[in-house]
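*Asks:* Sequence plus predicted model, see below.
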Amino acid sequence: MSKKTIQVSELPTFDPARYLRDDEDIAAYLTQVIEDGDAGELAQALGVAARARGMAQIAEAAGIGRESLYKALRADASPRFDTIAKVCKALGVRLVVQAVHPA
């Protein structure tokens, strides 16, 4: 039996936006990104969630131009907190702070 070697370039591109179906999925995804502790990934994760909903729709709801939103939510971006808050509101989620070690 011969084995066929698969090249990495032949594999389909994984797009997490395809799996974010509702507010709960988006909230769980963003929570996991935040808990992983890489602040740089939050902008990218918000971009993925916005693509899942429709970037134009989220841009309009957030009051941000679509092109500006794409720029603010790319992997190497450092968006301002007010941008993050507007996008979260447009996505139907909110950021919540919890004590790490509850009393």
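*Replies:* In hand now; what should we look at? Numbering: from 1, shown residues only.

*Asks:* End to end on stretch 68-84, go ahead and measure it.
*Replies:* Stretch 68-84 stretches 13 Å from its first residue to its last (C-alpha to C-alpha, to the nearest Å).

*Asks:* For the closest residue to residue 29 other than its chain neighbours, the count of nearby residues, please.
*Replies:* Leaving out its chain neighbours, the residue that sits closest to residue 29 by C-beta to C-beta, 6 or more residues apart in numbering is residue 20, at 5.9 Å. C-betas here are computed from N, CA, C, even on glycine. Other residues near residue 20 come to 23 when the count uses other C-beta atoms under 10 Å.

*Asks:* Hmm, residue 20 is touching residue 26, no?
*Replies:* Yes. With contact defined as C-beta atoms under 8 Å, residue 20 counts as touching residue 26 (5.1 Å).

*Asks:* overlap in contacts of the two?
*Replies:* 49, 52-53 (C-beta atoms under 8 Å, 6 or more residues apart in numbering).

*Asks:* which other helices and strands contact whichever strand or helix holds residue 82?
*Replies:* In the assignment (DSSP states H and E), residue 82 maps to helix 81-91. For helix 81-91, the elements it packs on are helix 23-35, helix 40-53, helix 55-62, helix 66-72, judged by 3 or more C-beta pairs under 8 Å, 6 or more residues apart in numbering; DSSP states H and E.

*Asks:* ok, the residue most central in space within the chain - contacts?
*Replies:* Nearest to the geometric centre of the chain sits residue 45, at 2.1 Å (C-alpha atoms, centre = their mean). Residues near residue 45 by C-beta under 8 Å, 6+ apart: 29-30, 33.

*Asks:* Give me the below-cutoff pLDDT ranges for this structure.
*Replies:* 1 (pLDDT under 70).

*Asks:* 90 instead, please
*Replies:* Scanning the chain for pLDDT under 90 picks out 1-12, 35-40, 75-76, 95-103.

*Asks:* Save the helices and strands packed on helix 81-91 as CSV, and put in distance to residue 3 too.
*Replies:* Converted to CSV, the helices and strands packed on helix 81-91 look like this (distance: least, C-beta to C-beta, whole Å):
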stretch, distance to residue 3
helix 23-35, 35
helix 40-53, 34
helix 55-62, 41
helix 66-72, 42
